[in-house]
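Asks: Sequence below, structure please.
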Amino acid sequence: MTILTRRTTLQLLGGGAAAAAIGNPLGAASATELGLAGPPAPPTLYLSHMVTQPEITAMADTVKFQQWRSPDMLTAMMSNGQVQVAATPSNTAAILYNKGVKIKLLDITTWGVLHLITRRDDIKGLPDLKGKTLMSFFRGGMPDIVTRYLAGKQGLDFDKDVDVSYASTPMEGLQMFLAGKAETIILPEPAVTAAMLKSKIVGQPLNTFSLQDVWTEVTGGTRMPQAGTLVQSEWADKNPEKLAQIKASIASSVDWMNNEKDACAALGAKEFGLPMPIVRKSLDKVHMERVSAAEAREELEFFFTALSELSPKLIGGKLPDAGFYLD
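Replies: From the prediction side, this is the model:
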């Protein structure tokens, strides 16, 4: 696939037109390059699959997918125009929007993939973490926030009662857990399944429970709108037909994840660096369903209000207004 350089563009377009195009980097990027990004977790798979679809590759001369490794990395990608479409924790999207970054939430696709895993027999729920150590990942990000909120609702003063350390990414956390550097850890799929299977092989059975189940117990909410897709608002406004295709392609790729799990596992093995059978088994435990942001607004506001009990900063200071939610 061809990447147009500045010199090539000038030669092809001619002086005046080319200069105008080069003088507007955002416009030029959106005309010739489409960037997609996702985290080292299940939402990456529908975006990674999308870049193989002719309807998406036809949108630009170059269509790129890459993984982001931290919320700060995602923020930089969206702010500098490197990426136009990204999978994101829902509260990260709210923070960006409330900070004035020109993004909108397109949908929610991922409804609870976080689990607590432990080698200890005396941890059956979050209250049992009192006086113990815990590893998580993305300090201050969605896994950390959700764990702190739920633990607080169950009587823990997280900062005082739990000794918490952090890995940079879930895959780093998985490796540290398997190496015996942590007894108890918060992980998403497919890292959860990898930990369970690899520990079983060496004769170290683990205890685990889903934070989605704890969320339901604590809040009465039926599901946790954990992650979805955001879009750069200027790109979306300038490209309504392409935006419509992005929506359709997300829906079809999520359906592909749910219905073509063997093929999805092969892609996941490549993206996550895990054996295909592990990724395949993990897909049976992941709830993927595309719901437009506008349709999910009530559930999102319930979720955001809960998180803001810890600190309003966790959603950017306030509930996002109606302009945040795309149909």
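Asks: measure Leu156 to Thr305 for me?
Replies: For Leu156, the distance to Thr305 equals 20 Å [Cβ to Cβ, to the nearest Å]. Glycine gets a C-beta too; all of them are placed from N, C-alpha and C.
Asks: ah, wrong one, I meant Gly140
Replies: For Gly140, the distance to Thr305 equals 19 Å [Cβ to Cβ].
Asks: Likewise for Asn207?
Replies: As it turns out, when the distance is counted by Cβ to Cβ, Asn207 lies 31 Å from Thr305.
Asks: Looking at those two, which one has more neighbours?
Replies: Between Asn207 and Thr305, counted using other Cβ atoms under 10 Å, Asn207 has the larger neighbour count: 15 against 11.
Asks: who touches the spatially closest residue to the more buried one that is not a sequence neighbour in this structure?
Replies: For Asn207, the nearest residue in space outside its immediate sequence neighbours is Thr118; the separation is 5.2 Å by Cβ to Cβ, 6 or more residues apart in numbering. Residues in contact with Thr118, defined by Cβ atoms under 8 Å, 6 or more residues apart in numbering, are 183-185, 206-208.
Asks: Secondary structure of Pro225: a strand, I assume?
Replies: No - secondary structure of Pro225 (DSSP: H, G, I helix; E, B strand; the rest coil): coil, not part of a strand.
Asks: Just confirm it contacts Glu299, I think it does.
Replies: Yes - between Pro225 and Glu299 there is a contact at 5.1 Å, judged by Cβ atoms under 8 Å.
Asks: With neighbour numbers in mind, choose between those two.
Replies: More crowded of Pro225 and Glu299, by other Cβ under 10 Å: Pro225, with 26 against 18.
Asks: hey, what's the residue lying closest to that one once chain neighbours are set aside bridged with?
Replies: With Cβ to Cβ, 6+ apart as the measure, Ile108 is the residue that lies nearest to Pro225, at 4.5 Å, once sequence neighbours are left out. Each beta-bridge partner of Ile108 is listed here: Gly228, Val291, as defined by DSSP bridges.
Asks: Run a quick neighbour tally on Ile108.
Replies: Neighbourhood size, Ile108 [other Cβ under 10 Å]: 26.
Asks: Check which residues of stretch 109-129 are buried.
Replies: 109-119, 123, 126, 128-129 (16 or more other Cβ atoms under 10 Å).
Asks: typo on my end, stretch 142-159
Replies: Using 16+ other Cβ under 10 Å as the test for burial, stretch 142-159 gives 142-153, 156, 158.
Asks: Going by secondary structure, the residue lying closest to Ala195 once chain neighbours are set aside is in what exactly?
Replies: Here the nearest residue to Ala195 in space, its sequence neighbours aside, is Ile117; by Cβ to Cβ, 6+ apart that works out to 5.4 Å. Remark: Ile117 resides in strand 114-118, with elements defined by DSSP states H and E.
Asks: do the same with Phe177
Replies: In this structure, Phe177 sits in helix 170-178 according to DSSP H and E.
Asks: Show me what the helix or strand following that helix is packed against.
Replies: Toward the C-terminal end, the helix or strand that comes next after helix 170-178 (DSSP H and E) is strand 184-188. Strand 184-188 makes packing contacts with strand 114-118, strand 132-137, helix 142-153, helix 170-178 when contacts are defined by 3 or more Cβ pairs under 8 Å, 6 or more residues apart in numbering; DSSP states H and E.
Asks: 7 Å instead, please
Replies: Based on contacts counted as 3 or more Cβ pairs under 7 Å, 6 or more residues apart in numbering; DSSP states H and E, the elements that strand 184-188 packs against are strand 114-118, strand 132-137, helix 170-178.
Asks: Please work out which of those is packed deepest.
Replies: Mean neighbour count (mean count of other Cβ atoms under 10 Å) peaks for strand 114-118 among the helices and strands packed on strand 184-188, with a mean of 23.
Asks: what's the neighbour count on Tyr166?
Replies: Neighbour number of Tyr166 under other Cβ under 10 Å is 17.
Asks: how far away is Ile246 from Gln232?
Replies: 11 Å.
Asks: who touches both of those two?
Replies: Shared contacts of Ile246 and Gln232, defined by Cβ atoms under 7 Å, 6 or more residues apart in numbering, are not found at any residue.
Asks: how about the nearest residue to Thr133, chain neighbours excluded?
Replies: Nearest in space to Thr133, with sequence neighbours left out and distances taken as Cβ to Cβ, 6+ apart, is Asp163 at 4.5 Å.
Asks: Let me fix that, I meant to ask about Ser199.
Replies: Leu206 (5.1 Å).
Asks: I'd guessed the one you found sits against Lys198; true?
Replies: No - taking Cβ atoms under 7 Å as the definition, Leu206 is not a contact partner of Lys198, at 9.9 Å.
Asks: so who does the closest residue in space to Ser136 that isn't next to it in sequence touch?
Replies: The shortest distance from Ser136 to any residue other than its chain neighbours is 4.3 Å, reached at Ile186 (Cβ to Cβ, 6+ apart). Under the criterion of Cβ under 7 Å, 6+ apart, the contact list for Ile186 reads 114, 116, 136, 143, 147.
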